[in-house]
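S.K.: can't give you the sequence, but here's the structure:
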């Protein structure tokens, strides 16, 4: 396997563990979900190294396992008319929206090789994003009891994770230049804390620039060596 | 029998919410097969079974939050023999298949953990405080991240401990109640000393019972996580109370004229428009007139600036099955009673069937809540931020009223205006409400 060879090569060089990055580009939620599942199984069998997938989904509203239907403001018909898919999924957290202009990151990590601590993992993901945003001059941080990354203007990144035998899936969604109007389908307006994006905060950063910053920050926070790979290697 | 426990998913984690059983009691389960799911801080985790066998008992229901190492269920081993309790859960059953060669021999799943008494990691400060004040940390429910015990928890605990407990719930040494009255005790030689005090010198009193109750552990309660909408409402209400200086003023309004007018036209109204005519659009119309005269009630506060809104966008509180939402009638001042009634009927229906568009719940400049429709005479509504006032409409009831020194039967209604005293003073609020009242009592507009 190519991946194992790369990981072993890194280990032989005395380096840190490897994390393979793939930018999947635009991919439908269901397709990315299947891919994650497949990678999780491979990771559990230790056939591949840790993975970090980047993807941009077409408009989709997803509901976590603990989500409540009444948190989706619009009915399925309204979502459908607005061209928004709806999926129930097995990550933590409640309802969220993904769409164009958002960087969705799915780390498939074996926490046994990092820290067997799900909260530390979530905090680390937050740190990755806080550091990456800092590269673009955006100050962000955490809010007690509200997982995610927050700025003064509102929440800029959401986090929801699933873990099976210490292997992670799902991950984070960072609003780069997301059309924030779409968030209004999922939380009753006037009752919600605002959502924001890098663009709304005045940053003109491109998707690729932000992905590079996240990769660097990942390498630092998780002390891993970030390697690139392409879809063909799958 | 093998105990299945709530695993510890990280060093700072002291409890977890069991979100879903993937097997039912009586189901066969294989070792390492996902058995249940837990949720901690936006992370859902599948927990594999520690052994093969039959899930005998489910001890913790879905939705309950329990401390780590709490036994959540029991598995009877594959043979079905209820043998002596297994010493350690994970080793009890043979693995189903040979593990992959690369895998470490130890089961990697987080299932079987040693029961410990600790309440998670403690900061050095907390440890020091506990030591110095002789606090049993097991008595304290942490409120920090992941249930961690914080300095604040200790402060609260100490504050409670130092307040003398009320005498009523005396601790253990009370005689058990008996059915037959015992022979009267010999008269005490000394002036009576209360029993509780008399015990003081004998053994050290037991530690006070933990004051912070964990409701999840009381069998007569049920714990259910709030929906996102509930959380948002809660957040919004508290935020509003924290933000504005709420004052409510109540005016009594004689609705007799409106009631008569409504009685006269309601049949034709229903026939013509296909929906009924209520009191609400009259109140809306009167409110709009008053808002035009007192635009500060239609304003918002931004720091130290007052934002005056040119548009009058009226939010109408609509009760939903498990919450509420405030859809907005935009440019309400451009509508007559028919138009307002139509908007109310339409928005309420679509709010209840979740057909509202996002822009229909935004940009309200003033809100009205019609609790009278549920029988309330008057209430003190909470301001819908960032607005500065909300008008509550009580029920319209016939009452004996003194009119020109005679007792008359009139249709009366209480209007309760809650206003933000940061921006609106009482006199102005009463002029505004007085204006609403005047328009209603001297109603002059045609309806049909």
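M.R.: Everything's here; your move. From a predicted model like this one, the values you see are computed outputs, not experimental measurements.

S.K.: how about the nearest residue to residue B:227, chain neighbours excluded?
M.R.: Of all residues not flanking residue B:227 in the chain, residue A:68 sits nearest, at 3.7 Å (Cβ to Cβ, 6 or more residues apart in numbering or on different chains). Every C-beta, even on glycine, is put in place using the N, C-alpha and C of the backbone.

S.K.: can you tell me how far that neighbour sits from residue A:176?
M.R.: Distance of residue A:68 to residue A:176, given as Cβ to Cβ, to the nearest Å: 28 Å.

S.K.: quick one: which of those two has more around it?
M.R.: Remark: of residue A:68 and residue A:176, residue A:176 carries more neighbours, 21 against 18, as counted by other Cβ atoms under 10 Å in any protein chain shown.

S.K.: what about the closest residue to the more buried one other than its chain neighbours, which SS state?
M.R.: Leaving aside its chain neighbours, residue A:176 sits nearest to residue A:198 (5.0 Å; criterion: Cβ to Cβ, 6+ apart). Secondary structure, DSSP: H, G, I helix; E, B strand; the rest coil: residue A:198 is coil.

S.K.: which SS class is residue B:422?
M.R.: Residue B:422 ends up coil, using three-state DSSP.

S.K.: show me the contacts for it.
M.R.: Residue B:422 is in contact with B:244-245, B:301, B:388, counting by Cβ atoms under 8 Å, 6 or more residues apart in numbering or on different chains.

S.K.: Surely residue B:341 and residue B:277 touch.
M.R.: Yes - the pair residue B:341 and residue B:277 passes the contact test of Cβ atoms under 8 Å, sitting 6.0 Å apart.

S.K.: hang on, residue B:418 in a strand?
M.R.: Yes - counting by three-state DSSP, residue B:418 falls inside a strand.

S.K.: Relative to residue B:333, how far out is it?
M.R.: Distance, residue B:418 to residue B:333, by Cβ to Cβ: 22 Å.

S.K.: More neighbours: which of these two?
M.R.: Neighbours were counted for residue B:418 and for residue B:333 using other Cβ under 10 Å; residue B:418 has more, 26 against 17.

S.K.: check contacts around the more buried one.
M.R.: Counting by Cβ under 8 Å, 6+ apart, residue B:418 touches B:246-248, B:380-383, B:389-390, B:392.

S.K.: ok, of these, which come out buried?
M.R.: Buried members of the contacts of residue B:418, counted by 16 or more other Cβ atoms under 10 Å in any protein chain shown: B:246-247, B:381-383, B:389-390, B:392.

S.K.: Taking those residues together, which two end up most distant?
M.R.: By the measure Cβ to Cβ, B:247 and B:392 form the most distant pair in the buried ones among the contacts of residue B:418, at 13.0 Å.

S.K.: Following the chain onward from the worst-scoring helix or strand of chain A on mean pLDDT, which element is next?
M.R.: The weakest-scoring helix or strand in chain A, judged by mean pLDDT, DSSP states H and E, is helix A:2-12 (a mean of 42). Downstream of helix A:2-12, the first helix or strand assigned by DSSP states H and E is strand A:18-26.

S.K.: Sort out which residues of that following strand are buried, please.
M.R.: Quick answer for strand A:18-26 (16+ other Cβ under 10 Å): A:18-24.

S.K.: How much space separates the residue in the stretch 1-150 of chain B positioned nearest to chain A from residue B:31?
M.R.: Using Cβ to the nearest Cβ, residue B:10 is the residue of the stretch 1-150 of chain B that sits closest to chain A, at 3.1 Å. Distance from residue B:10 to residue B:31, counting by Cβ to Cβ: 24 Å.

S.K.: Chain neighbours aside, what residue packs nearest to residue A:87?
M.R.: residue A:62 (4.8 Å).

S.K.: ok but that neighbour is inside a strand, no?
M.R.: Yes - under three-state DSSP, residue A:62 falls within a strand.

S.K.: mean confidence for the lengthiest strand in chain A?
M.R.: What stands out as the longest strand in chain A, according to DSSP state E, is strand A:154-164. Averaged over strand A:154-164, pLDDT sits at 92.

S.K.: Packing partners of that strand?
M.R.: For strand A:154-164, the elements it packs on are helix A:118-134, strand A:146-151, strand A:167-175, strand B:43-48, judged by 3 or more Cβ pairs under 8 Å, 6 or more residues apart in numbering or on different chains; DSSP states H and E.

S.K.: chain center to that strand: distance?
M.R.: From the chain centre to the centre of strand A:154-164 is a distance of 7 Å (Cα atoms, centre = their mean, to the nearest Å).

S.K.: quick one, that strand and helix A:118-134 angle?
M.R.: 140 degrees (axes from the mean of the first three to the mean of the last three Cα atoms, to 10 degrees).

S.K.: Number of residues surrounding residue B:69?
M.R.: Neighbour count of residue B:69, defined by other Cβ under 10 Å: 18.

S.K.: Same question for residue B:260, what's its three-state structure.
M.R.: With three-state DSSP as the basis, residue B:260 sits in helix.

S.K.: What of residue A:46?
M.R.: coil.

S.K.: Just give me the neighbour total for it.
M.R.: Neighbour number of residue A:46 under other Cβ under 10 Å is 18.

S.K.: so what pLDDT did it get?
M.R.: Here, the pLDDT recorded for residue A:46 equals 88.

S.K.: now do residue B:129
M.R.: 70.

S.K.: Surely it touches residue B:151?
M.R.: Yes - counting by Cβ under 8 Å, residue B:151 is a contact partner of residue B:129 at 6.7 Å.

S.K.: measure residue A:81 to chain B for me?
M.R.: Residue A:81 is 10 Å from chain B, where distance means Cβ to the nearest Cβ, to the nearest Å.

S.K.: With that, I have no additional questions.
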